[in-house]
Structures are given as structure tokens and as C-alpha cells.
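Chemist: Model the following, please.
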Amino acid sequence: MDQENPKETLAAGERVLLVDAKERRYLLTLAAGATFHTHAGIVSHDDIVGNPEGSTLTGSTGRSFLVLRPTLADVVLKMPRGAQVIYPKDLGAILMAADIGPSQRVLEAGVGSGALSMAVLRAGASVLGYEIREDFANRARSNVAGLLGPDADYHVELRDVTEGIDETDLDRVLLDLPEPWRVLPHARTALRSGGILLAYLPTINQTAQLRGALDDGPWGMADTVEILRRTWHVEARSVRPDHRMVGHTGFLTTARRLVG
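Modeler: Below is the predicted model:
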């Protein structure tokens, strides 16, 4: 008989994702003796604990739920939030556009609910956050700790990045705030030569103003993209684009810090 892989077994204290027959998703943290209530029935946490990930269980009404550990995208979409989060379709693009990787020192200004912070930390970088709202800073810290534990290399300061950046020799500066052009004079001294600045903005007017400011230097290789996501319905002979898609959420602008 094959031995059960302990990595597959679900334990109390873990976050899990319940998926019902209509593919509705519910994020919860397992606790001994607790129950989860939904219109599709009541699920006992004790019926989940000890089972392998990928199991199917039956609720109180006889309806089935698939049980999985959540992906980062699941957590981002379901976690408690104060500020609007950056959506998963943009998070992946940001990691590639900013070339985020292990051992990098990243400054993130405007941490919001911590979605981008979690993605950057998962990629192996350390993150220092500047946030002007204490409630957002606390929410981001809580969400990051809930996913990555209390020992994540993550620090958030109540600071206005437009008033200055204390750090130097940073590898990356990520900005999710309305007027990133006001940060450029500080970012030019904080970023190492060759480092990457990335700004996430909702409107093209803001983006155009940022691109104009970048032209003043010492910035190069400026690029702006927008990510659109369209899913497909694939069932037997019915193959077509879904009627709804995730369209515009924001513009991603990157630039490299040059010598000068």
C-alpha cells in the first residue's frame, strides 16, 4: 500500500479553498471543532482535517465540495482588503516586467492590502513598504503574515514616499499611487544603476504624465503595457470565448535607472 504523502494532508491552522459544484470558491482557515456555513450546506472543519488535498467531501445537505490549498491568486481575490488590490493578471506581469527575483531589495510604495507584496515576497525578494494610511499598512501586514508567516522579510513604514526615500542601492522600486512622477527625484538616488522602476496606474492621462517626466532622465527603456485576460468555454463541441472577460484594470509602466 502506498504511504500517504504528509505534504498532501490538510491540518488545522491551514488555509483551504472549498469549491462547490458551481465552482464558487470559499477561503477559510481550518480550526478544530469549527464549522463553515454556506447556502449549499454546513461543512465541519474536522471532516477536512487529516484528508489529502484534492479530496471531495459532502456537506450537511448532501452537496459536494472539492478541498484544495489556495493558490496565491485565490488568496488575493478572497483575502480581507481595505484598498483595491492589484489583480492576479497584473501581478504576474509585474513580476516579469520588473524582473523580480531572489535576494533583491524592493521598495514598494502604496502597499494597499498587500497583494503585490505577497507576490514579490513569494518570488524571493525582500520588501520594504511605504504606506501613508495606518489601516492599510496593518491590513497588508496581516495578509502577508497570514500567507507567508510572521518571519517573512517584510517591513512596512508609515511614510509618504513623495517626501523622500532613505534607502540606497535598491534593486527595484514599485509604485501604486496616484502621482508617481513626484517620486522620480527620490527614486533616482535610491535605485542602483540599472535598477527598475515600475508604476501601476489606472488612467492613461496619469500614465502619459509619468512618461513625460521619465523623459527628463536619468531613465531609459521606458515601456507601458496593459494586460487583458479572456477565458474560454471548452465543453465537448462547444468551444468559444466566454461572454465576460477581465478587461482594463491598470497600465504598467517600467523604466531603467541609467548612469547620470
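
Chemist: ok, the residue nearest in space to the middle of the chain - contacts?
Modeler: Nearest residue to the geometric centre of the chain (Cα atoms, centre = their mean): residue 115, 3.0 Å. Residue 115 makes contact with 76, 79, 85-86, 91, 143, according to Cβ atoms under 8 Å, 6 or more residues apart in numbering. Backbone N, C-alpha and C define where each C-beta goes, glycine included.

Chemist: of all those residues, which comes closest to residue 59?
Modeler: Nearest to residue 59, judged by Cβ to Cβ, of those is residue 79 at 23.4 Å.

Chemist: thought that closest one was touching residue 146?
Modeler: Yes: between residue 79 and residue 146 a contact is recorded at 7.3 Å, counting by Cβ atoms under 8 Å.

Chemist: the more surrounded of these two?
Modeler: For residue 79 versus residue 146, neighbours defined as other Cβ atoms under 10 Å are more numerous around residue 79 (21 against 16).

Chemist: so the nearest residue to that one once chain neighbours are set aside is in which element?
Modeler: In space, and not counting its chain neighbours, residue 79 is closest to residue 143: 5.2 Å by Cβ to Cβ, 6 or more residues apart in numbering. If you go by DSSP states H and E, residue 143 is part of helix 134-148.

Chemist: What about residue 54, how many residues nearby?
Modeler: Residue 54: 11 neighbours (other Cβ under 10 Å).

Chemist: let me redo that: residue 69
Modeler: Residue 69, neighbours per other Cβ under 10 Å, totals 15.

Chemist: quick one on the thing from earlier: list the buried residues of the helix holding residue 143.
Modeler: 136-137, 139-141, 143-144, 146-148 (16 or more other Cβ atoms under 10 Å).

Chemist: How about stretch 226-236?
Modeler: residue 227.

Chemist: what is the mean pLDDT for it?
Modeler: For stretch 226-236, mean pLDDT rounds to 94.

Chemist: again with stretch 115-128
Modeler: Stretch 115-128 comes out at a mean pLDDT of 97.

Chemist: Then stretch 39-48?
Modeler: 89.

Chemist: Quick check: end-to-end length of that stretch?
Modeler: End-to-end distance of stretch 39-48: 19 Å, with Cα to Cα, to the nearest Å as the criterion.

Chemist: List the contacts of the residue nearest to residue 79.
Modeler: 75, 79-81, 113-115, 118.
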